[in-house]
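*Asks:* Sequence first, then the predicted structure, then my questions.
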Protein chains: 2
Amino acid sequence: MTEPSDTKAAYDAVAPLYAELFSDVLETLPLERAMLAAFAELVRAQDAGPVADVGCGPGHVTAHLHALGLTAFGVDLSSEMVALARRAHPGLRFDEGSMTDLDLADGVLGGVLASYSVIHMPPGRLPAVFTELHRVLAPGGHLLLGFFAGDDPLPRSFDHKVTLAYRWSPDSLADLLREAGFAEVGRMVREPHADERQFRHAQLLVRKP
Amino acid sequence: MTEPSDTKAAYDAVAPLYAELFSDVLETLPLERAMLAAFAELVRAQDAGPVADVGCGPGHVTAHLHALGLTAFGVDLSSEMVALARRAHPGLRFDEGSMTDLDLADGVLGGVLASYSVIHMPPGRLPAVFTELHRVLAPGGHLLLGFFAGDDPLPRSFDHKVTLAYRWSPDSLADLLREAGFAEVGRMVREPHADERQFRHAQLLVRKP
């Protein structure tokens, strides 16, 4: 089973390579950027607090959220990733931290982005993670989750390039989010590109009522 | 069974009211605008021809596509709608026409938008419509379909405010599109807003290979 300490060690080990490979990836992903734009618009309209990019890696998506007019900061388990993110985006805030126990008071955030970060969480621990994300969001706050989509109702592990990860069916993750108190706003699922492995990509957008 | 002539008469009868109610609707729909932005970006990148907004109604989405940098024109069955669209957007082109038989040569379009227009087509006629849309698109061209989503594998009719319409499951429409020669790029499904009837809304984005 992957523990957060394994995820931290795995990302610490590959941080510079990962940053080089993925820092510009959003440019090639119009549907993901579209969902980020809708998320940013909803968060701005609610004006309920800043946005945490949880599992921010080298900070490229945090910077994109900032460019969309949000007050955004990043949180990552990996101190190497946090150091890279700070160097790449010196005007933005990046903290070491875990989505299982965020160093944030209740209800202070207007939004949470978790882009391909919950994929490394052992499935049995995800309900507690979603409860934690719900806790830190203000009422009306939005959560956008990016992940690899599968068809099975049960999460399936696969050999992610960095460390063990899980594919989820959008319906199964949506059920867990509902059980944690969120209401679904919408979802996007896209087919893999030719240069990607053969997993669909999904984004789930939910709201704390 | 609704024939295109019924759809034309029904929209002719309500054109001014419909235009008043829906001309600003995109402002309240960030997820739909997000998908339109992604569609526009993909079409611009391909640069394979103009975009037809098929079933354009009062032309508000045609104008939005134009604002996104596309060469866009509208086509609608209803001459009243076409007249309203021309008055509202005098710089843009609007033609009377039917998606069953477009007055366009093969492969001339870079994109087709069909926003809540195929919903009025009797289900048995949709395969021929998709074949027609495939015909007018250039290779690499994109089609974005907006519709009311249902869960049943079979289309279900409902009492749309203007005229008989059908809800489709995204999977069923995606199957029909695949059979017409399209490849899926991605899809978005969102929950209804509080002021909408209780149907989910969907957008399917596909590509002519």
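*Replies:* Thanks, I have it. Residues are numbered from 1 along each chain as shown, chains lettered A, B, ... in the order given.

*Asks:* Now do the buried residues in the longest helix seen in chain A.
*Replies:* Under DSSP state H, the helix in chain A containing the largest number of residues is helix A:4-22. Buried residues in helix A:4-22, defined by neighbour count with 16 or more other Cβ atoms under 10 Å in any protein chain shown: A:Pro4, A:Thr7, A:Lys8, A:Ala10, A:Tyr11, A:Asp12, A:Val14, A:Ala15, A:Tyr18, A:Ala19. For every residue, glycine as well, the C-beta is placed using N, CA and C.

*Asks:* can you pull the pLDDT of the residue lying closest to the last one once chain neighbours are set aside?
*Replies:* Excluding the flanking residues, the one nearest A:Ala19 by Cβ to Cβ, 6 or more residues apart in numbering or on different chains is A:Pro58, at 3.7 Å. Reading off the confidence values, A:Pro58 has pLDDT 95.

*Asks:* thinking again about what came up before, just checking, what packs against the longest helix of chain A?
*Replies:* Helix A:4-22 sits against helix A:79-88, with contacts defined as 3 or more Cβ pairs under 8 Å, 6 or more residues apart in numbering or on different chains; DSSP states H and E.

*Asks:* tell me which residues of the helix it packs on are tucked away?
*Replies:* A:Glu80, A:Met81, A:Val82, A:Ala83, A:Leu84, A:Ala85, A:Arg86, A:Ala88.

*Asks:* Helix, strand, or coil at the residue positioned nearest the centre of chain A?
*Replies:* The centroid of chain A falls nearest to A:Ala114 when counting by Cα atoms, centre = their mean (1.3 Å). On the three-state scheme (DSSP: H, G, I helix; E, B strand; the rest coil), A:Ala114 is labelled strand.

*Asks:* same check, this time on A:Val189
*Replies:* strand.

*Asks:* near chain B, which residues of chain A?
*Replies:* When proximity is defined by Cβ under 8 Å from any Cβ of the partner chain, chain A lies next to chain B at A:30-31, A:33-35, A:37-38, A:41-42, A:183-191, A:205.

*Asks:* And the helices in chain A, which stretches?
*Replies:* Under the criterion DSSP H, chain A contains helices at A:4-22, A:30-46, A:60-67, A:79-88, A:126-136, A:170-179.

*Asks:* now the angle between helix A:60-67 and the longest one, please.
*Replies:* Per axes from the mean of the first three to the mean of the last three Cα atoms, to 10 degrees, the angle that helix A:4-22 makes with helix A:60-67 is 70 degrees.

*Asks:* Quick check: mean pLDDT of helix A:4-22?
*Replies:* Mean predicted lDDT for helix A:4-22 stands at 88.

*Asks:* For the longest strand seen in chain A, name the packing helices and strands.
*Replies:* When chain A is scanned for its longest strand (criterion: DSSP state E), the result is strand A:137-149. Judged by 3+ Cβ pairs under 8 Å, 6+ apart, the packing partners of strand A:137-149 are helix A:30-46, strand A:109-115, strand A:165-167, helix A:170-179, strand A:200-207.

*Asks:* The same query, at a cut-off of 7 Å, please.
*Replies:* Helices and strands touching strand A:137-149, as assessed by 3 or more Cβ pairs under 7 Å, 6 or more residues apart in numbering or on different chains; DSSP states H and E, comprise helix A:30-46, strand A:109-115, helix A:170-179, strand A:200-207.

*Asks:* so what's A:Gly74 closest to, chain neighbours aside?
*Replies:* A:Cys56 (3.0 Å).

*Asks:* next one: A:His193
*Replies:* A:Thr28 (7.5 Å).

*Asks:* Relative to A:His201, how far out is that neighbour?
*Replies:* Relative to A:His201, A:Thr28 is positioned 12 Å away (Cβ to Cβ, to the nearest Å).

*Asks:* Check A:Arg44 too.
*Replies:* A:Arg44 is 25 Å from A:His201, where distance means Cβ to Cβ.

*Asks:* For those two, work out which one has more neighbours and name it.
*Replies:* Neighbours were counted for A:Arg44 and for A:His201 using other Cβ atoms under 10 Å in any protein chain shown; A:His201 has more, 20 against 15.

*Asks:* bridging residues for that one?
*Replies:* Beta bridges link A:His201 to A:Phe148, A:Arg190 when assigned by DSSP bridges.

*Asks:* pLDDT wise, what is it at?
*Replies:* pLDDT, A:His201: 97.

*Asks:* ok, now which ones touch it?
*Replies:* When contacts are counted by Cβ atoms under 7 Å, 6 or more residues apart in numbering or on different chains, A:His201 touches A:Phe148, A:Ala149, A:Arg190.

*Asks:* What about these, which one has the most neighbours?
*Replies:* Greatest neighbour count in those, by other Cβ under 10 Å, goes to A:Arg190: 23 neighbours.

*Asks:* out of the buried residues of helix A:79-88, who's nearest A:Leu177?
*Replies:* Nearest to A:Leu177 among the buried residues of helix A:79-88 is A:Met81, at 25.3 Å by Cβ to Cβ.

*Asks:* so what's A:Val25 closest to, chain neighbours aside?
*Replies:* Nearest residue to A:Val25 in three dimensions, chain neighbours excluded: A:His60, at 7.3 Å (Cβ to Cβ, 6+ apart).

*Asks:* For the one you found, the count of nearby residues, please.
*Replies:* Applying other Cβ under 10 Å, we find 21 residues neighbouring A:His60.

*Asks:* mind checking how far it is from A:Leu102?
*Replies:* A:His60 is 21 Å from A:Leu102, where distance means Cβ to Cβ.

*Asks:* before we move on, what about A:Asp175?
*Replies:* Distance of A:Asp175 to A:Leu102, computed by Cβ to Cβ: 23 Å.

*Asks:* out of the two, which sits in the more crowded spot?
*Replies:* Neighbour count, other Cβ under 10 Å: between A:Asp175 and A:Leu102, A:Leu102 has more, with 20 against 13.

*Asks:* Dihedrals phi and psi, that one?
*Replies:* The phi/psi pair for A:Leu102 (degrees, to the nearest 10) reads phi -80, psi 140.

*Asks:* Let me know whether it touches A:His134 as I believe.
*Replies:* No. Look at A:Leu102 against A:His134 with Cβ atoms under 7 Å: they stay out of range, at 11.2 Å.
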